[in-house]
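Asker: test case, fold it:
(one chain, ligands or ions: 1)
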Amino acid sequence: MRVALVTMALRLPTDQSRWITVPPQGYAGIHWVVSNQLDGLLALGHEVFLLGAPGTVPASPAVTVVDAGEIEDMHAWLNGPGASAVDVVHDFSCGQIDPDRLPEGMAYLSTHHLTGRPKYPRNCVYASYAQRAQAGNDVAPVVRISVNPARYTFRAEKDDYLLYLGRISEWKGAYQAAAFAAAAGRRLVVAGPSWEEDYLARILRDFRDTVDVVGEVGAERRLDLISRATAMTVLSQSTMGPWGVVWCEPGSTVVSEAAVCGTPVIGSPNGCLAEIVPHVGTVVPEGSAFTREQARGVVAGLPGPHAVRAAALEQWDHVVLAKEFEAIYHDVLAGRTWT
Ligand code: UDP
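Answerer: Numbering: from 1, shown residues only. From the prediction side, this is the model:
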């Protein structure tokens, strides 16, 4: 098949003349999701046209990077001669593409990566049942966030720190991760961009002695941090999120990333985490009231690196999940629709 993958087009915060690529240069969850899906489609022998990420270096001759990042340019390409070869459009842009502006009859589906209702719910696939329920839907397909093991490093020997990797925001639970680490008597390495300075200041005020803020990481540094950690902390909280609804962790890219590196996950029950964390770690309550015994017991009882990686490959391997999408592409081509 010839598949047009549309990522959410975003400019690099540090250089507005460039786009975030696939895979991304640093923090960017959706771009990693698209990267893993693209790898999976290539492994299945499909051809990919990538929109929304100009400047991406194509992973193989089967990938065409379309020079369209602006929303109007993406619509123009999808309505132009280049798109006539495309069998199906798989849209990860979370509302940048308007499906009603596509040519009549073009096979289309989207994947939702935000919290709340998708802007265009027609033919939308969700990353978890919790995310789908929050969108008021109980029929749409659910496909988990995949991971390509070749892009990650497995390590069986771990260092003694816990890791927080992501945007340092209230709903992502960085503060609760710091509280958990302090209770467990572990250092917490906090990696990721910080756009809410008051929030970061509060973490540093309360956990100065146990938190190590290293900023946004990419490339080898990111893989090294993930693969050496005793555990990844993903303590998302049911607090008001960035899109005007209470946060419901949609798919959590870092869970499958950590697990494939053999790093177990300590997660809250928020959103998708209640569904995916038990396979590769332990779920702890929301909030920051962890006792020393509880936190130490959780860390001591985490599954080992080999078991965690095996579970990740069994459930979230990029080729297995690309096959799930391949089946949905066939359904859409056969005329199936859902809202
Ligand atoms: N990430 C990164 N560098 C950082 C922080 C995060 O590359 O400094 C990546 C991380 O590996 C993951 C993504 O950004 O792929 C965050 O995605 P996730 O779904 O966990 O969170 P969200 O998209 O909700 O912020």
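Asker: so does stretch 22-33 get close to the ligand?
Answerer: Yes - against the ligand, stretch 22-33 shows contacts by C-beta under 6 Å from any ligand atom at G26, Y27, A28, G29, W32. Every C-beta, even on glycine, is put in place using the N, C-alpha and C of the backbone.
Asker: tell me which element V214 is part of?
Answerer: Using DSSP states H and E, V214 falls within strand 211-215.
Asker: buried ones in the helix or strand just after that strand?
Answerer: Later in the chain than strand 211-215, the nearest helix or strand by DSSP H and E is helix 219-228. Within helix 219-228, the residues that count as buried by 16 or more other C-beta atoms under 10 Å are R222, L223, L225, I226, S227, R228.
Asker: got it, and stretch 7-18?
Answerer: By 16+ other C-beta under 10 Å, the buried positions in stretch 7-18 come out as T7, M8, A9, L10, L12.
Asker: how close does the first one get to L162?
Answerer: What that stands for is T7. Noted for T7: a distance of 30 Å to L162, by C-beta to C-beta, to the nearest Å.
Asker: so which of the buried residues of stretch 7-18 belong to strands?
Answerer: Among the buried residues of stretch 7-18, the ones falling in strands (DSSP state E) are L12.
Asker: now render the buried residues of stretch 7-18 as JSON lines, adding pLDDT.
Answerer: Putting those into JSON lines (pLDDT from 0 to 100) gives the following:
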{"residue": "T7", "pLDDT": "98"}
{"residue": "M8", "pLDDT": "98"}
{"residue": "A9", "pLDDT": "98"}
{"residue": "L10", "pLDDT": "98"}
{"residue": "L12", "pLDDT": "96"}
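Asker: still on that earlier bit, check the buried residues of helix 219-228 one by one and keep those near the ligand.
Answerer: Filtering these for neighbours of the ligand using C-beta under 6 Å from any ligand atom leaves R222.
Asker: which one of the buried residues of helix 219-228 is nearest the ligand?
Answerer: The ligand has its nearest neighbour among the buried residues of helix 219-228 in R222, at 5.0 Å by C-beta to the nearest ligand atom.
Asker: read off the pLDDT value for the closest one.
Answerer: pLDDT, R222: 98.
Asker: so that it lines up with my notes, have the first residue be 14 from now on.
Answerer: Okay, using 14 as the starting number, the last item reads as R235.
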